[in-house]
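**Student:** quick one, structure for this:
(chains A and B)
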Amino acid sequence: MAAHLKKRVYEEFTKVVQQQQEEIATKKLRLTKPSKSAALHIDLCKATSPADALQYLLQFARKPVEAESVEGVVRILLEHYYKENDPSVRLKIASLLGLLSKTAGFSPDCIMDDAINILQNEKSHQVLAQLLDTLLAIGTKLPENQAIQMRLVDVACKHLTDTSHGVRNKCLQLLGNLGSLEKSVTKDAESLAVRDVQKIIGDYFSDQDPRVRTAAIKAMLQLHERGLKLHQTIYNQACKLLSDDYEQVRSAAVQLIWVVSQLYPESIVPIPSSNEEIRLVDDAFGKICHMVSDGSWVVRVQAAKLLGSMEQVSSHFLEQTLDKKLMSDLRRKRTAHERAKELYSSGEFSSGRKWGDDAPKEEVDTGAVNLIESGACGAFVHGLEDEMYEVRIAAVEALCMLAQSSPSFAEKCLDFLVDMFNDEIEEVRLQSIHTMRKISNNITLREDQLDTVLAVLEDSSRDIREALHELLCCTNVSTKEGIHLALVELLKNLTKYPTDRDSIWKCLKFLGSRHPTLVLPLVPELLSTHPFFDTAEPDMDDPAYIAVLVLIFNAAKTCPTMPALFSDHTFRHYAYLRDSLSHLVPALRLPGRKLVSSAVSPNITPHEDPSHQFLQQSLERVYNLQHLDPQGTQELLELTIRDLQRLGELQSELAGVADFSATYLQCQLLLIKALQEKLWNVAAPLHLKQSDLASAAAKQIMEETYKMEFMYSGVENKQVVIIHHMRLQAKALQLIVTARTTRGVDPLFGMCEKFLQEVDFFQRCFIADLPHLQDSFVDKLLDLMPRLMTSKPAEVVKILQTMLRQSTFLHLPLPEQIHKASATIIEPAGESDNPLRFTSGLVVALDVDATLEHVQDPQSTVKVQVLYPDGQAQIIHPKPADFRNPGPGRHRLLTQVYLSHTAWTEPCQVEVRLLLAYNSNSRIPKSPWIEGGEMSSQVETSIEGTIPFSKSVKVYIMPKPARR
Amino acid sequence: MWAEAASWSPLRARTSCWTVGCTWALTTTIPGLGASGSDPWSGDSGHGGGGRRQRRFPDFSYITRNGRLTDFLDCVIISHFHLDHCGALPYFSEMVGYDGPIYMTHPTQAICPILLEDYRKIAVDKKGEANFFTSQMIKDCMKKVVAVRLHQTVQVDDELEIKAYYAGHVLGAAMFQIKVGSESVVYTGDYNMTPDRHLGAAWIDKCRPNLLITESTYATTIRDSKRCRERDFLKKVHETVERGGKVLIPVFALGRAQELCILLETFWERMNLKAPIYFSTGLTEKANHYYKLFITWTNQKIRKTFVQRNMFEFKHIKAFDRAFADNPGPMVVFATPGMLHAGQSLQIFRKWAGNEKNMVIMPGYCVQGTVGHKILSGQRKLEMEGRQVLEVKMQVEYMSFSAHADAKGIMQLVGQAEPESVLLVHGEAKKMEFLKQKIEQEFRVNCYMPANGETVTLPTSPSIPVGISLGLLKREMAQGLLPDTRKPRLLHGTLIVKDSSFRLVSSEQALKELGLAEHQLRFTCRVQLHDSRKEQETATRVYSHLKSILKDHCVQHLPDGSVTVESILVQAAAHSEDPGTKVLLVSWTYQDEELGSYLTALLKKGLPQAPS
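**Tutor:** You can find the predicted model right below:
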């Protein structure tokens, strides 16, 4: 209903414009329609040789054809088809028919008869294949028409015996896509005609051509995708195909087996050469596991991937995948994993190993050793050791999925995942760390495992270290030594890579809050307190000390006995850290101390939060007291802006809202100031200079509004209206200022017109929100619109001026969630005194590493700007692959910026900063009218620009002159 | 004892192909195989130099008995550059005398002469061996080498072709398929089925050779995952370096040394470590140059990243100088030889052994009697020359980094190649017995393990190509549907064998070609039936009976009273003596033999009782 009303309102306003456009459009259509097919006809008649005809057809295919003219074109093409002798031209025509039948809005059933007709007389295999493809296109376009589908299936069956593999391929494809889903039992006559598509396709599993075999399996999979239930008999056929000579056949067969195993997991299949029987899903699992050691890596990847999704498999089989019986000289040996476990449980961890430590123990019964198990044995052991990293990644992923569904398996696969932390390819290491994080709920790390995990903390890749921090955040550690070990390693990491500070603190926060009881006995040691002596007070600015405190305070939150162990300075440090790093240090209930923060209980809702209340109140105050004298208003605004900015700095969770409203108030303040200018009272031409302030204000408001619109995530439509309204006011101000400072009327005409168009645009875009803008500038402006349209520029300016003064200050509703986009450049750090030297005219690559917060779609919006000392500025678009997404709302840019310049005599600094590019089109709410595709005729074309949103970093560079 | 490619039945009388020409060369004792030779090894290049003095090189007269090698051999194939696989090559080609082609891969061709030269130097200069090949001989020998690429089919002569597959044992190691007509043999050389830090895994397609000759060094071993080994190794080195200790890793110059270098280099890179790593120079540097060049032969990681940085251009590994051993602070040193029996590694070991912070890691097997073996077996006090006693306080570690396939790997390769039979070489008889049994059990193929000098004869069933005339094929095609792999079809034709070519043609054409007149062969058979009725009636009964049984054949009742089934004639006549018995005369041509005999058998069973 609302939409209907909207439409009605809109119709009243824009009736005239629309009608005109429609007329133009229909005229155009009529002109093109006959010309298209006619031109083709003429061209084809003109063609003297097949090559010519082919050229014409190729040209023709480049342009789209309207739905109405498709049939005409098709007739012409068919006509030529019958006449044509050259198979290549016929092939092209056939493919064009297929393309044309896909045209939206065209129903291809009328050309089907013709297509089948020409199919019957065709001799060339290639053309036949193409024609079948065309039929497939037609068939898929008409999914409801049962008769046509049946007919097409018949045609396909007829051509299945063709000698060319291409034709058989297409036939199978056709069967797969169109084969009837359910047999119509109702009519006997019809049920005879309905063929058993599955059986027909299944017969081609043993075709002599591997391509046809593949096509048959694919067709079967297609049937499954379309919802046809595959018979269980296919399973045996598919299993035979697993030993095919061709990799594409094996790859497809693996998929088919997987599908069948998902369909009939519980049915029982016999094990060949024995009397036992097992579940089908287990059997399939074993078979797919076997394919993990296939000769072709494509098949291996496929198999490893599919293993992950076989969750119904019995745990007995699942655990076999990690099993590899070792032996040496026919004697059973224990794996390093088993040995580590044993050492650990015997309390003798980290003993230096002697030679013969892994000496084989008991004799192996030669008969019982099965070197190539038919079952699942060691599939993952092989997969994780594979030559190709694609296979290894697939195996890790599969491991992750299986471990998520089975805790006992998770426990078992831990050793293997930990081993993967040392893979040679970073991607694999990263993937296994992520995997481990995902399954960390199910597992507790043993100390020796933790040791291996922590060793990776020294990795030079930041990605890896951060992933590892995330992993440690949600890991369960079993002993206090483990915690101690983790802390020590993290501190080591901190000294080695000081940039990891924040991430390490965060990690310790979670580590502390997860293991309060394990931290408790460590506290005296960590704080280096002594029962009798006072120890020196540690340096409060030391990141390592802060890290220790973060761990302890978070543990103390749920462990009330802990604060008793703190020394005096610890309490002081607590108070300091609680203020400065409030996101890392929780509120503690400390005995005998009255701390303000203890009043804040964690279950308080954001609206009851005093800082939030303060924000609300200060905004209310501004909105209510708008009829104060100008002087008072200005002062109040200035005060409130200051308050809000400070609040944003203090309370990180309110930063977005506070900044957003502060910016808005800032705009209002600027507007008021501009209107207070004395220049309005003086004759315009005399005060060219004094108008500077007003025009600067107008410009700044524009900039701020763009920032408000594009730099904050979570801005809703109602805020966008207000922002646009503010911008409109700024534009009005600009117009007035220009009107007063320029002589002559001619330029004003254009400007006025443009302004009015913008008003019009505003009205159309935000028509739904207009009722909310009671009494505002635009409200009044729209009232006077008819008058403005007809009046002269001078008059318009005068009206605008009064209206600007009279208009009220709009209340900016606060959005629920709002975050300001921000970016920090981590690298280059900008502290180096060594200039980056390179030969002038050549390029030097500068590594840029930055974290982005709350940036939507950074791939398209974030740019890097380089400012050279001569004022030259370059904007670099980073590749989409340069952005990582470590967490929600967070992005990381790791890119290389190429610098180049002509020779300098001295090293000098260039500035590097990040820009946020915006495009005003992207935010405009789409009304159906805009979707009509007439964007180009818009009044306001898209405004594009950039907002700097990071601090600029200075890089010292020195282009040397080239040596000859 | 072990045997390598001892001698197998040649593919054909004239062509024999002596793979790995000179292998059982120098090595009657081989590291890792429980050697019995007790004399310490010498030289720094790490090849096997010990063994029985009396026969330094293999006895090549085995091949020919008498006569020139070139006349007897078509080609020599070298699988990889390890000296136990190519050490006797100059002796073989220059001193015994062989002028035919020698095939090897490009990396082998590049590195092999370096090793041979080193080998020669030590044997002649240091040990003073006489009657050894000279530098010039190495050069001359290398001139006879033809380099092959992976998967390239090389036509040795008009019948023999060879093809190399990746073996992953050392840089440039290859397995070879040797093929004559439809019969083929795959010889593996040494190979590794688990990829490592610088090499990929061995791979072979489903070439289904008649015989697969595979090494079986680890016939009875299944190894733990390489990751554990690597992690252990790195952890140990890292810990020692962190507490300021020095690490000594005795290695043989080529192969595993590069693997360990890559391992440490990447680890240093990843962990941002600063402690220096040294490699004792010499032959390695030259060889390393080739490792940098032959990137295509390395594993995926190195191949993919060499554009940014060639992994063999080590950042952290520097050349070692004697003086560095006394430098303070942590360091890692790779030094040759690998068993601590002489040379640089022993010198460094003596310097560092006294400090418990230091560590020595033995990456391979050590022969009895060497210092390496002693310290591995736990001796803490060593007697050095000059009655000195060296107390070993440093930590001693053992890590196995071998590049041979283990039992599982061997089985995997057999599975990949799908051979008709397998022959095991390069292993201990007792262990091979186990593997042989496993292969026979799981793949159901014949498996052999001949001793040195033993001859194995393999029966093969070679396929003989027969040309069929198109006319005949089309005629047959027209009769039935597409050829079906599941059902064999009968086809009538004439096989003409002429000048060792086989052709299958239709009989008419054969007659025409050979200028023979066509003869018709007819079989006639009499079947007696007890039937007292008239002949006509009998014929009618026979007709209706056959009609009801042979539904897909054309059964006719001719006006003269005879019955025809296709071209088979059945006539009924009264028995001359016994009127109660009728005689059925069945006559058919040779072409209808099948149907004819079926029909007679059918009629002999008698007719069904007529419905009365």
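
**Student:** flag every buried residue along the one helix or strand A:L914 maps to.
**Tutor:** Here A:L914 sits within strand A:908-919, counting by DSSP states H and E. Using 16 or more other CB atoms under 10 Å in any protein chain shown as the burial criterion, the residues of strand A:908-919 that qualify are A:C908, A:V910, A:E911, A:V912, A:R913, A:L914, A:L915, A:L916, A:Y918. C-beta: built from backbone N, CA, C; applies to glycine.

**Student:** nearest spatial neighbour of the last one, skipping sequence neighbours?
**Tutor:** Across the structure, with CB to CB, 6 or more residues apart in numbering or on different chains as the measure, the residue nearest A:Y918 apart from its sequence neighbours is A:F710 (3.9 Å).

**Student:** for the strand holding A:L914, packing partners?
**Tutor:** In terms of contact count using 3 or more CB pairs under 8 Å, 6 or more residues apart in numbering or on different chains; DSSP states H and E, strand A:908-919 is assigned the packing partners helix A:692-710, strand A:822-827, strand A:844-853, helix A:858-861, strand A:862-867, strand A:890-899, strand A:944-948, strand A:953-960.

**Student:** and with 7 Å instead?
**Tutor:** Counting contacts by 3 or more CB pairs under 7 Å, 6 or more residues apart in numbering or on different chains; DSSP states H and E, the secondary-structure elements packed against strand A:908-919 are helix A:692-710, strand A:822-827, helix A:858-861, strand A:862-867, strand A:944-948, strand A:953-960.

**Student:** would you mind giving these as TSV with distance to A:E816 added?
**Tutor:** Rendered in TSV, the data for the helices and strands packed on strand A:908-919 read as follows (distance: least, CB to CB, whole Å):
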stretch	distance to A:E816
helix A:692-710	16
strand A:822-827	20
helix A:858-861	22
strand A:862-867	25
strand A:944-948	23
strand A:953-960	34
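
**Student:** where among the ones you listed is the average confidence lowest?
**Tutor:** Per-segment confidence across these bottoms out at strand A:944-948, which has a mean of 79 in mean pLDDT.

**Student:** got a list of contacts for that one?
**Tutor:** Contacts of strand A:944-948 from elsewhere in the structure, counted by CB atoms under 7 Å, 6 or more residues apart in numbering or on different chains, are A:Y706, A:K707, A:F710, A:M711, A:K863, A:R913, A:L915, A:L916, A:A917, A:Y918, A:N919.

**Student:** restrict that strand to CA atoms and write it as PDB.
**Tutor:** Listed in PDB are the C-alpha atoms of strand A:944-948, where the atom choice follows Å, rounded to 0.1, in the frame of the first residue of the first chain:
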ATOM      1  CA  GLU A 944      32.800  11.300  -7.000                       C
ATOM      2  CA  GLY A 945      35.500  12.300  -4.600                       C
ATOM      3  CA  THR A 946      37.800  11.100  -1.900                       C
ATOM      4  CA  ILE A 947      38.000  11.600   1.800                       C
ATOM      5  CA  PRO A 948      41.400  11.100   3.500                       C
END
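
**Student:** list the buried residues of it.
**Tutor:** Neighbour-count burial for strand A:944-948, counted by 16+ other CB under 10 Å, picks out A:T946, A:I947.

**Student:** just stretch A:67-79 next, same as before
**Tutor:** For stretch A:67-79, a neighbour-count test (16+ other CB under 10 Å) marks A:S69, A:V70, A:E71, A:G72, A:V73, A:V74, A:I76, A:L77, A:L78 as buried.

**Student:** against which helices or strands is the helix or strand harbouring the fourth one packed?
**Tutor:** Pointing back at A:G72 there. Taking DSSP H and E as the definition, one finds A:G72 inside helix A:70-83. In terms of contact count using 3+ CB pairs under 7 Å, 6+ apart, helix A:70-83 is assigned the packing partners helix A:2-46, helix A:87-101, helix A:109-121.

**Student:** run the last query once more with 10 Å
**Tutor:** Using 3 or more CB pairs under 10 Å, 6 or more residues apart in numbering or on different chains; DSSP states H and E as the contact definition, the elements that helix A:70-83 packs against are helix A:2-46, helix A:50-62, helix A:87-101, helix A:109-121.

**Student:** now do the buried residues in the second one.
**Tutor:** Same thing as helix A:50-62. Of the residues in helix A:50-62, those scored as buried under the neighbour-count criterion (16+ other CB under 10 Å) are A:P50, A:A53, A:L54, A:Y56, A:L57, A:F60.
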